[in-house]
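[1] I'll drop the sequence and a predicted model, then ask my questions.
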Amino acid sequence: MIGKKSLTSTSWQKLGGYLRETQILGSIHSTLYWDQNTSMPSNGAAWRGEELSFLAKWLHARQSSTEFEDLIKEAREEIQIEALEADTDIKKKITNLDLLELELSRQKKLDAKLVVHLAKAQTEGYSLWKEAKENNDYKRFAPALKKLVHLRVEQANQLNESRSCWETLAQPFEPDLTIKRLNELFDPLRTRLPELIAKANEVSSKKLPKWDLDQKSQQKLCEILLNQWGRNQKITSLAKSPHPFSITLGPQDFRLTTRIVEGQPFSCFLATAHEWGHSLYEQGLPLENHQWFAWPLGQATSMGVHESQSLFWENRVARSKDFSERFWTYFANEGAPLKNSSDLWQAMNPLIPGLNRVEADELSYGLHILIRTDLEIALLQEGLDVWDLPREWNKRYKDLLGVSPKNDSEGCLQDVHWSEGSFGYFPSYLLGHLISAQLSEAMASSLTQKGFKGEDPIGECIKEGNEKELLKWLRNEVHHYGRQVNAEQLVKKVSGSDLSSIPFLNYLENKLKMLMTT
């Protein structure tokens, strides 16, 4: 037995060492991406493209190499010797190897030249998108988008999976997702969300006063929020970027960004809450003293689960009535014209359809995602021309939300995703809403069983500033899975039911009822 363990350990360590070096390269790539979004001068874009494409080529070579394939094979042969012991750790190792072989298979199908072209097109696309958005010049960005669509279609063709083009590209974000399943989950929202919005409009005759806070005050409020939620400044960093995001650069290095939008006093605050939710999830993944950091099991279950965590902290916590009761004085102290907690709660939940996804209320947010999902599927596999995108975008916004962009900057140029070729990501936001609502129901039930009192035990924790209890539940019930399961399997394990739109719609209807009676 000693000999077996030694042999397995040696083989496993060799594979682990290879993965660790690959992860270091990936972290360097992510660090350059972080810099590109936060502090890189605009004229550095061309050289940054060279740097990122070089790293992408190097990473692809390592992830598709014969050496990597042999290391996986050797590790599996030796692991199988001990598999009969049914040891939990052995099972996790086998799962890691299965996921590594899946990724190896995908990487081997991709032409290295395509990988380089994609990396360069992504950097160019981001730079041109940023310029086009600032100057309201879609024509400046359209050729780059057209190139990215072409390259992603080629990527799907090379992968040659038994899925549609869009489904293939969505797999890294949502493993096992199909358009059929997406429609099953989203179709009830297409019907019910416009009805709820119409209901909100009928009673939402009172116009809330417009006000703003200066940059210093908004930053201060974000710092207070993060400190109350247990931020460890030794492992986290907060910066500003054109589009808020969260990224992990190492097992003890978690970065997030936010942005300040003039005339939107909650934009920075809620974006910080959202991105902090992402970061908390990353911090809670099964790293096991960094053991799995470079391995698949140390990665997020899916981006839908990722978004469920960010949306939980942004919407279920920060936008809640109980949070407003506890936090409204901080806003008032910074000059916000608030007389009580109700003023803050209503201001953070206006329930008025708008043009911007990031600033959208919870009722209309799903429609923003449905529009983007339909449009990117149309771009990839239904023949929608890139040059027709603004017209289609504006038409769907008018039909679904009753609003029309004045220009492309507040229309089809508002999001960064397509500038990086991230087709297939947008549905994860709405899936995140569904998952968050269903997990919240399970959390509330669990807290009640543990002795927490009240009809809303989550709200009681928030009101008392006891969010650590909520995080503890998420750590124990959600975060530890990593990639052992897919998103729907995780929801079933935690809630006992298949993923459904019903808990989310119930949550929205209850919140709307509360706001209507305030």
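    Looks like it came in fine. Numbering: from 1, shown residues only.
[2] quick one: terminal-to-terminal distance for stretch 77-96?
    14 Å (C-alpha to C-alpha, to the nearest Å).
[3] quick one: low-confidence ranges for the protein?
    1-9, 82-88, 203-207, 287-292 (pLDDT under 70).
[4] other SSEs contacting the longest helix seen in it?
    Across the chain, the longest stretch assigned as helix under DSSP state H is helix 2-38. Other helices and strands packing on helix 2-38, by 3 or more C-beta pairs under 8 Å, 6 or more residues apart in numbering; DSSP states H and E, are helix 45-63, helix 66-82, strand 246-250, strand 253-258. Quick note: C-beta positions are derived from backbone N, CA and C, even for glycine.
[5] now with 10 Å, please.
    helix 45-63, helix 66-82, helix 88-109, helix 112-135, strand 236-240, strand 246-250, strand 253-258 (3 or more C-beta pairs under 10 Å, 6 or more residues apart in numbering; DSSP states H and E).
[6] most tightly packed of the ones you listed?
    Neighbour counts (mean count of other C-beta atoms under 10 Å) averaged over each of the helices and strands packed on helix 2-38 peak at strand 253-258, with a mean of 22.
[7] just the CA coordinates for it, please, in CSV.
    The C-alpha trace of strand 253-258 is given here as CSV (Å, rounded to 0.1, in the frame of the first residue of the first chain):
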residue,chain,number,x,y,z
ASP,A,253,-5.6,37.8,-5.0
PHE,A,254,-9.2,38.8,-5.7
ARG,A,255,-9.8,41.9,-7.8
LEU,A,256,-13.0,43.8,-8.5
THR,A,257,-13.9,47.0,-10.2
THR,A,258,-16.8,49.4,-10.1
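[8] return the list of strands paired to that strand, each annotated with direction.
    strand 236-240 (parallel), strand 246-250 (antiparallel) (DSSP bridges).
[9] a markdown table for these, including distance to Asp388?
    Below are these laid out as a markdown table (distance: least, C-beta to C-beta, whole Å):
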| stretch | distance to Asp388 |
| --- | --- |
| strand 236-240 | 34 |
| strand 246-250 | 33 |
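[10] just the buried positions in the longest helix of the chain, please.
    Buried residues in helix 2-38, counted by 16 or more other C-beta atoms under 10 Å: 8, 11-12, 15-16, 18-19, 22-23, 26-30, 32-34, 36-37.
[11] quick one on the thing from earlier: now render the helices and strands packed on helix 2-38 as JSON lines, adding distance to Glu420.
    Shown next, in JSON lines, are the helices and strands packed on helix 2-38 (distance: least, C-beta to C-beta, whole Å):
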{"stretch": "helix 45-63", "distance to Glu420": "11"}
{"stretch": "helix 66-82", "distance to Glu420": "26"}
{"stretch": "helix 88-109", "distance to Glu420": "19"}
{"stretch": "helix 112-135", "distance to Glu420": "5"}
{"stretch": "strand 236-240", "distance to Glu420": "18"}
{"stretch": "strand 246-250", "distance to Glu420": "13"}
{"stretch": "strand 253-258", "distance to Glu420": "15"}
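[12] among these, which is nearest Pro175?
    helix 88-109 (9.1 Å; C-beta to C-beta).
[13] just how off-centre is the closest one within its chain?
    23 Å (C-alpha atoms, centre = their mean, to the nearest Å).
[14] and that helix, what does it pack onto?
    helix 2-38, helix 45-63, helix 66-82, helix 138-159.
[15] what angle sits between the shortest one and helix 45-63?
    For helix 66-82 and helix 45-63, the angle between their directions (axes from the mean of the first three to the mean of the last three C-alpha atoms, to 10 degrees) works out to 40 degrees.
[16] what does helix 66-82 rub up against?
    1, 4-5, 7-19, 22, 61-62, 65, 83, 89-91, 93-94, 96-98, 100-101, 103-105, 107-108 (C-beta atoms under 10 Å, 6 or more residues apart in numbering).
[17] wait, Val317 sits on Ala273?
    Yes. Using C-beta atoms under 10 Å, Val317 is in contact with Ala273, at 7.2 Å.
[18] okay, and the common contacts of these two?
    Between them, Val317 and Ala273 share the contacting residues 225, 229, 311, 323, judged by C-beta under 10 Å, 6+ apart.
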